[in-house]
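1. let me see the structure of the following:
(chains A and B)
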Amino acid sequence: MLTELEKKVIASIQGDIPVSENPYRDMAEKIGVSVDDYLSVLQGLSDRGIIRRFGATLRHQKSGFTANAMVAWQVPEDDVEQVGDQMASFSEVSHCYRRNPAPGWPFNLYTMVHATSEDECLNIAKRISEKTSVETYSLLFSRRELKKTSMKYFSKE
Amino acid sequence: MHSIDETDKRIINRIQSNFPICLRPYHVIAQELNLDESDVIDRIQRLKKIGIIRRIGGNFSPEKLGFFSTLCAAKVSSDKIDAFADVVNSYPGVTHNYVRENSYNVWFTFIAPSRDDIESSLLEIKDRTGIETINLPATRVFKISAQFKL
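-> I've put the predicted structure just below:
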């Protein structure tokens, strides 16, 4: 369970922290706690793994990873654990999840792959397919961004 | 594309995770990379200004905060995509939404306090748009990494 102070700290660091000498002092001030208390709550959230990753988020397109594809794979259920681990081991794969199939949608394993071109995405998928012997898959290239934002947890808006 | 040098790359590679939790985090980064604090601050400010760094902050697992997250997909004819997106995007828990090349052509992520909240929102979306959405929650996570080595 999270305390009210932890929720306030979470709400304060889910945005963008200041790029200045004492960023946490300013953030602590905003929620009315001392910077020492703020830092110890923040450290606790980090130690407990509640903050999954703390740091900079890049814009892929501007940092050279200009193409990305979601790849949906149809994997025999008995092989999912092994194949999932194999796919996760590819450095070009940023995300790998198992999801239940749906009516008319037989795929059960999903990877996000990032590269410098769509051809390179296709090559990566082919290499993953060869390594895992999973031959039924579909690349879903993004054609238009309709929304991209960060979740706002515990915010008072 | 704006140019970034080797020092920028070292900074970017350092600050994508384990951002220091202490009074002067940029000073700690500067020490680790053998740079001046003011130089690190100036460079990060520039990297944000030119759009390479989107934000610096915390990223959470919805489940660890007691939330439920899922991936949803729908088949939407091209003339209805904007209207469908207006409805779907109006939910604050919809954080990413893309048109993708497939018969299921609209894909969005949805975070909510419970699985029931998501189910009822998807029914509401169907009522408002006439379009059915498939709900594909993850049952197993093999990898999540938003770290890119430059």
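2. please count neighbours and contacts with C-alpha atoms only from this point.
-> OK.
3. low-confidence ranges, chain B, go.
-> Residue ranges of chain B with pLDDT under 70: B:1-2, B:146-148.
4. what segments of it are helices?
-> Counting by DSSP state H, chain B has helices at residues B:6-15, B:25-33, B:37-49, B:81-89, B:115-129.
5. any chance of the ones you listed in JSON lines, with distance to chain A and mean neighbour count too?
-> Output for the helices of chain B, formatted as JSON lines (distance: least, CA to the nearest CA, whole Å; neighbours: other CA atoms under 10 Å in any protein chain shown):
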{"stretch": "helix B:6-15", "distance to chain A": "5", "mean neighbour count": "16"}
{"stretch": "helix B:25-33", "distance to chain A": "7", "mean neighbour count": "18"}
{"stretch": "helix B:37-49", "distance to chain A": "6", "mean neighbour count": "17"}
{"stretch": "helix B:81-89", "distance to chain A": "7", "mean neighbour count": "16"}
{"stretch": "helix B:115-129", "distance to chain A": "15", "mean neighbour count": "15"}
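6. what would those look like in TSV with distance to B:Thr109?
-> Conversion of the helices of chain B to TSV gives the following (distance: least, CA to CA, whole Å):
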stretch	distance to B:Thr109
helix B:6-15	26
helix B:25-33	32
helix B:37-49	25
helix B:81-89	10
helix B:115-129	11
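7. centre of the chain versus the longest strand along chain A, how much separation?
-> Across chain A, the longest stretch assigned as strand under DSSP state E is strand A:137-148. Centroid separation for strand A:137-148 versus its chain: 15 Å, with CA atoms, centre = their mean, to the nearest Å.
8. do stretch A:115-133 as well
-> The answer for stretch A:115-133 is 20 Å, by CA atoms, centre = their mean.
9. which outside residues touch it?
-> Contact with stretch A:115-133 is made by A:64-69, A:71, A:83, A:86-87, A:90, A:92, A:113-114, A:135, A:139, A:141, as judged by CA atoms under 8 Å, 6 or more residues apart in numbering or on different chains.
10. restrict that stretch to CA atoms and write it as CSV.
-> Provided in CSV are the C-alpha atoms of stretch A:115-133 (Å, rounded to 0.1, in the frame of the first residue of the first chain):
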residue,chain,number,x,y,z
ALA,A,115,15.6,0.0,-35.9
THR,A,116,16.7,2.7,-38.4
SER,A,117,14.4,1.6,-41.2
GLU,A,118,11.4,-0.6,-41.9
ASP,A,119,13.5,-3.0,-43.9
GLU,A,120,15.8,-3.4,-40.9
CYS,A,121,12.7,-4.1,-38.7
LEU,A,122,11.7,-6.9,-41.2
ASN,A,123,15.2,-8.3,-41.0
ILE,A,124,15.2,-8.3,-37.3
ALA,A,125,11.8,-10.2,-37.3
LYS,A,126,13.2,-12.7,-39.7
ARG,A,127,16.3,-13.3,-37.5
ILE,A,128,14.0,-13.7,-34.5
SER,A,129,11.8,-16.1,-36.5
GLU,A,130,14.8,-18.2,-37.5
LYS,A,131,16.2,-18.3,-34.0
THR,A,132,12.9,-19.3,-32.4
SER,A,133,11.4,-21.4,-35.3
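11. tell me the domain ranges of chain A?
-> Following automatic domain parsing, chain A resolves into domains at A:4-47, A:60-141.
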